[in-house]
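Participant: whatever this is, show me its structure:
(one chain, ligands or ions: 1)
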Amino acid sequence: MTIPQQIEAQKSSFLKGINRPISVRIKHLTTLREMVRENESLFYEALHEDLGKPEFEVYSTEIITVLNEIDVHLKNIKNWAKVRSAGNSIFTFPSKSKIYIQPLGTVLIIGAWNYPIHLTLMPLIGAISAGNTIALKPSELAPNTSSLLAKLFKEYFEPEFISVYEGGVNEATKLLKEPFDKIFFTGSTHVGKIVMKAAAEHLTPVTLELGGKSPAIIHKDADIPVSSNRIWWGKTLNAGQTCVAPDFVAVHESKKAEFIEESKKTLHTFFKDDYIIGSNYTQIVNDSHYERLIHLLNTGNIITGGKTDPETRFIEPTLMDAEWSDFIMQDEIFGPLLPLITYSKPEEVMQKLQTMPSPLALYLFTEDEQFQKDILTHVPFGGGCVNETVSYLANHHLPFGGVGKSGMGSYHGKYSFDTFSREQSMLYKSFWPDPDLRYPPYDDKIITWFKRLFS
Ligand code: NAD
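Facilitator: Model prediction:
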């Protein structure tokens, strides 16, 4: 079957309503849970091949997060999908009003390579629990995980319900020509624009989960050893190839020397100067990303770190001295390089951030409540943490998403269900009574009476 024929089959399956009943959605979520559980070891192998990811990281950032999300949806789906009664209006009296939570139809999910299970299955869970049929396009840059997903979905699900489309730009371009009812895209800001343009052709709504330069700001009152641990944990996870990794640190000038010393201690404690790909550290995904990062490394000033190995695409976590105008401060780094910038006054850092594209995340290390409030008031960003990095996305009660160049829309937990649903209004009247006040011919006495009543 060609792509248009396959999508047509998924659309017609949706219109037949087979996967609408809550019981069917629960069955599908349960099947997805089994699929992940029964093939956990295959996922570890695929991610080892694709990125040399340590098993601990695969389990903690890809497997457990997905299983937990399925459980959250299984527990809440009946409540989320309930028809809600709405209040009545004098203008529609006598009548009843209801809001139905409807699936969108046939949706397309395009994933990125850095967390190739998490970034395809997390939105998929929302799309299933909302009752859609789904086309999944995993990233070609994690080819082993992509083909494993394609194989498993064929085994566990009917293709009219969930189909996996493997491939890169060509396949994605073909898919984007189809009239989907929603596109959920995770990836770069550049490709996000291409997706949004294609979606506009069919007036398809989009959720864009993009990236950006997420700052970590360390204020003068911060506990530097704890800040260093939490920042380097967020930065070395997946070798910095994480959309919400701290991209750079802005450190109060009085704390620069201490942060440098603590960074050395933290990295030594984490890795003992013995980085083993697949065991305690991840490799850079491919040669072109490796070369891009080496170029950033060579054009900057290394404070600590800087070892590399092209054979294994290893780049050591590296702290670098930087200025706002440096080359490394222009685009998202997406690797284990951490530029350090200093500031003397909070206004300085806030003004600078206001001139940059809004990041996906922001991390603030301080107990100064006024500074926390000022950042929230003056700097737009997707989401973030105070005295922590990254982990806010593990709380399914929090919507996860960007703003401006870091994306639009959000997901996780109920927000995922809502992202793949729409609210449909219905007003119910009986045939009796049927007063003729509003029908032509219009009566001047009635308008006078109406005006008295409503003004
Ligand atoms: P990417 O934009 O290159 O690719 C993402 C997906 O888009 C892939 O499936 C790819 O096949 C497809 N694609 C690539 N070019 C395309 C084109 N011309 N037309 C249509 N589809 C195309 O991104 P990436 O390299 O996979 O991921 C890295 C980026 O994603 C970073 O910017 C990172 O911050 C961001 N990201 C964001 C999140 C988030 O949740 N917000 C998560 C992970 C990654």
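Participant: need the contact partners of stretch 367-382.
Facilitator: Contacts to stretch 367-382, defined as Cβ atoms under 8 Å, 6 or more residues apart in numbering, come from residues 212, 214, 217, 219, 221, 346, 350, 353-354, 358-362, 364, 366, 386-387, 400-404, 406-407. In this view, the C-beta of every residue, glycine as well, is placed from N, C-alpha and C.
Participant: just stretch 430-445 next, same as before
Facilitator: Applying Cβ under 8 Å, 6+ apart, the contact partners of stretch 430-445 are P94, I446.
Participant: could you list the buried residues of the helix or strand harbouring I231?
Facilitator: Assigned by DSSP states H and E, I231 falls within helix 224-236. Across helix 224-236, burial judged by 16 or more other Cβ atoms under 10 Å covers I224, S227, S228, N229, R230, I231, W232, W233, G234, K235, T236.
Participant: report pLDDT for the second one.
Facilitator: Put plainly, it is S227. If you check S227, the pLDDT there is 98.
Participant: same question, the fifth one
Facilitator: R230 is assigned a predicted lDDT (pLDDT) of 98.
Participant: what sits against the closest residue to the ligand within the stretch 101-250 of the chain?
Facilitator: Taking Cβ to the nearest ligand atom, the ligand has its nearest neighbour within the stretch 101-250 of the chain at G211, 2.0 Å off. G211 is in contact with S188, T189, C243, E332, F334, L360, G402, S406, counting by Cβ under 8 Å, 6+ apart.
Participant: redo that, cut-off 10 Å
Facilitator: Contacts for G211 were tallied using Cβ atoms under 10 Å, 6 or more residues apart in numbering; they are 112, 114, 186-190, 192, 242-245, 247, 331-334, 357, 359-361, 382, 402, 405-407.
Participant: contacts with the ligand among these, please.
Facilitator: Among the contacts of G211, the residues within reach of the ligand (Cβ under 6 Å from any ligand atom) are A112, N114, T186, G187, S188, C243, E332, F334, L360, G402, G407.
Participant: pLDDT added to those residues, as TSV?
Facilitator: Shown next, in TSV, are the ones next to the ligand among the contacts of G211 (pLDDT from 0 to 100):
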residue	pLDDT
A112	98
N114	97
T186	98
G187	98
S188	97
C243	98
E332	98
F334	98
L360	98
G402	98
G407	98
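Participant: so which of these are in strands?
Facilitator: Applying DSSP state E to these, the entries found in strands are T186, G407.
Participant: Y59: which of the ones next to the ligand among the contacts of G211 is nearest?
Facilitator: N114 (16.2 Å; Cβ to Cβ).
Participant: neighbours around the closest residue to that closest one other than its chain neighbours, how many?
Facilitator: Nearest non-adjacent residue to N114, counting by Cβ to Cβ, 6 or more residues apart in numbering: Q241, 4.6 Å away. Here the number of neighbours of Q241 (other Cβ atoms under 10 Å) works out to 23.
Participant: repeat for Q354
Facilitator: 11.
Participant: can you read off the backbone torsions of it?
Facilitator: phi -70, psi -20 (degrees, to the nearest 10).
Participant: could I get the pLDDT score of it?
Facilitator: Looking at Q354, its pLDDT stands at 97.
Participant: residue contacts, it?
Facilitator: H378, V379, P380.
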